[in-house]
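Student: quick check, what structure comes out for this input:
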Amino acid sequence: MFVCIENLNYQYKNANELTIKDFSLDIGKGEIISILGESGSGKSTILRLLAGLEVPLSGNISIDGKQIVDNRHFIAPEKREVGLVFQDYALFPHMTVEKNIKFGLRKMTRQQKQSRMDEMLVLVNLSEYRNRYPYELSGGQQQRVALARALAPNPSLLLFDEPFSNLDANLQYKIREDLRKILKKTGTTSIFVTHDQNDARALADRMIFLRKGKIEKIGKPCDMLVHY
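Tutor: Residues are numbered from 1 along each chain as shown. Okay, the predicted model is just below:
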C-alpha cells in the first residue's frame, strides 16, 4: 500500500479522552479517500497528524515506503512531501497567481519553476489569469490556484480540509467534478475531510465515516449510507 496508517492514537493537551483511537488505514497509489464525520469526530486531526502538525501518542505512518512516524521517527512537516489545501485557500494576497504557484518550488532552477508553473496553469485552466491577484478572482478560481500550488511540488500525498465550504452549491458541483478529473489525471493520492456526503460521494474511491476518533464505516460510495 502507498499510505499505511497503523494504530494511530492522539489526545489534545486539555482533553479528557483520546481524539483519535486506534485509527488504521491503507491507501493505494492514486486513490482518493473521503473522511466524513460530525464536528469533533477527529477528521481534521487525522490530516494534521499526516501533515506533521501534531505528534501522535502512538502508532505508525508510512508514505511510499518511507516511515514518517513511529516510536523512533518523526519526519518534519516540510520533509514529508505532503501537500495541504485549506478551506480558506491560504493564498498570499500580495502575490500574483503565478507567484503563488511558484512559492513552493524551492529546489528548482528558474527555468524549471517557470515550466512547472506553466504546466499547472494549463492543468487547472487558468493560464490567462497568471498575472492577477487573489482578490481579482472568483472563489472557484482561487481554489484552482490553491490546488495548482499544492500540486506543483508533486506531493506524495495531498490533503484537503473542507475544500468546498466557501463555495455556493452550483460552483461546488462543478469544482468537485473538475477536481476529481485533475487528481486522477495526475495520479495524486488524496484525502478529503468533509461534512458533506454529496462531496464525498462525488470525489472518493472510498468513504470513511469517523465517530469519536474511530472508523465506524468504510466502503465504496455506492455502498455507503451514512446518518449523523
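
Student: next one: L50 from I208, what distance?
Tutor: Taken as C-beta to C-beta, to the nearest Å, the spacing of L50 relative to I208 amounts to 13 Å. Just so you know, the C-beta spots here come from the backbone N, C-alpha and C atoms, and that holds for glycine as well.

Student: which residues touch the most centrally placed residue in the chain?
Tutor: To find the centre residue of the chain, average its C-alpha atoms and take the closest one (C-alpha atoms, centre = their mean): that gives L159, at 1.3 Å. Residues in contact with L159, defined by C-beta atoms under 8 Å, 6 or more residues apart in numbering, are 47, 50-51, 82-85, 190-191, 193.

Student: show me where this protein has helices.
Tutor: Using DSSP state H, the helices of the chain run over residues 43-51, 97-102, 110-123, 139-151, 169-186, 197-203.

Student: how far is the first one from where the chain is centred?
Tutor: Taking C-alpha atoms, centre = their mean, to the nearest Å, the mean C-alpha location of helix 43-51 is offset from the chain mean by 9 Å.

Student: what about that helix, average pLDDT?
Tutor: The predicted model gives helix 43-51 an average pLDDT of 95.

Student: also the fifth one?
Tutor: For helix 169-186, the mean pLDDT works out to 83.

Student: swap in the third one?
Tutor: Mean pLDDT, computed over helix 110-123, is 93.

Student: please save the CA atoms from it in PDB.
Tutor: This file holds the C-alpha atoms of helix 110-123, laid out as PDB (Å, rounded to 0.1, in the frame of the first residue of the first chain):
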ATOM      1  CA  ARG A 110      14.300  29.400 -12.600                       C
ATOM      2  CA  GLN A 111      13.600  27.700 -15.900                       C
ATOM      3  CA  GLN A 112      12.200  24.600 -14.200                       C
ATOM      4  CA  LYS A 113      10.000  26.700 -11.900                       C
ATOM      5  CA  GLN A 114       8.600  28.600 -14.900                       C
ATOM      6  CA  SER A 115       8.000  25.300 -16.800                       C
ATOM      7  CA  ARG A 116       6.200  23.700 -13.900                       C
ATOM      8  CA  MET A 117       4.100  26.800 -13.200                       C
ATOM      9  CA  ASP A 118       3.000  26.900 -16.800                       C
ATOM     10  CA  GLU A 119       2.100  23.200 -16.600                       C
ATOM     11  CA  MET A 120       0.000  23.800 -13.500                       C
ATOM     12  CA  LEU A 121      -1.800  26.700 -15.000                       C
ATOM     13  CA  VAL A 122      -2.800  24.700 -18.000                       C
ATOM     14  CA  LEU A 123      -3.900  21.800 -15.800                       C
END
